[in-house]
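Student: Quick one: sequence and predicted model below, then my questions.
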Amino acid sequence: MLRFLVCAFFALLGGAVIASNQIYDSNKDPYAFEGLINETIEGIRDDLPEPIVIENLTITVPEDIDILTGSADLSNLEISGVKAFQVPALSFTLVGMRLNFTFVLPSLNINTDYWGDLVLLDLVPIYGDGKANIHLEDLEIVGSAQASLSGGISVSGLRIQVYLGASTFDIHGALDNEDFSAILSELLNDAVTSLIDNHQEAISNIVSPIVEELLNAILAGANTDTTAAPARATAPVAKV
């Protein structure tokens, strides 16, 4: 589920790094750039597509992650609600080029076709081929990243933590059985929030590299044109 968050804050990290590029040679106080970054973020908000569409995303969970094993392919992934993002906390230091942020999505809707062969908590098989519809409320992303201007704009060392207020899952095609899909949906509704809280490190290990890879793919395009966010993105294979 958390892999869908990658598109939600392209505007935040992209805007911050682009703004840092604009002010890199400035003699201003290195802690005085949050206002410019916020202005850049607000400008990017207007250019964000609604919904964001990712044509294909492949995810392979590393073997050392104990809460989830296997892999999944997503297609026709649509994420709506991103334009309503909030940034309650943001700091950027020119010395060290470090960005720290808190990013909130009050309401996010995710719809995708999927193929999956996963096992949750070494207990619940999640394989099948179908559709998944997910509604998330009060999704909070806290993180930090290192910005680089060498050879174009990029980020590295991205680490995030995710907190979730509530979620509603509507999964179809799990085990190729609709009765099981309904049970799985209810299980996820009841368990996902506490699962996230109890496995922050593992989730960060899965999500952070995926987000960093996708973000740098977007910023690679922004290096030549930073005036608009792309309306459509084809995600690379994400092998953490």
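Tutor: Looks like it came in fine. Just so it is clear, the structure is predicted and the values come from calculations on it, not from any experiment. Numbers count the residues shown, from 1 in each chain.
Student: How about the contacts made by the closest residue to Gly130 other than its chain neighbours?
Tutor: Closest residue to Gly130 apart from its sequence neighbours, by CB to CB, 6 or more residues apart in numbering: Gly173 at 1.8 Å. The way it works is simple: take the backbone N, C-alpha and C, and place the C-beta from them, glycine included. Gly173 sits next to 114, 128-131, 181 when contact means CB atoms under 8 Å, 6 or more residues apart in numbering.
Student: Show me these that map onto strands.
Tutor: Among those, the ones falling in strands (DSSP state E) are 114, 128-131.
Student: still on that earlier bit, list just the nearest of the contacts of Gly173 to Glu78.
Tutor: Lys131 (11.2 Å; CB to CB).
Student: List the residues that contact the closest residue in space to the closest one that isn't next to it in sequence.
Tutor: Here the nearest residue to Lys131 in space, its sequence neighbours aside, is His172; by CB to CB, 6+ apart that works out to 4.9 Å. His172 is in contact with 130-132, 178, 181, counting by CB under 8 Å, 6+ apart.
Student: does Val82 really touch Leu108, like I thought?
Tutor: Yes: with contacts counted by CB atoms under 8 Å, Val82 reaches Leu108, the gap being 7.2 Å.
Student: Quick check: neighbours of the helix or strand harbouring Asn100 in the sheet, parallel or antiparallel?
Tutor: Here Asn100 sits within strand 98-120, counting by DSSP states H and E. Next to strand 98-120 in the sheet, as set by DSSP bridges, lie strand 68-80 (antiparallel), strand 86-93 (antiparallel), strand 124-148 (antiparallel).
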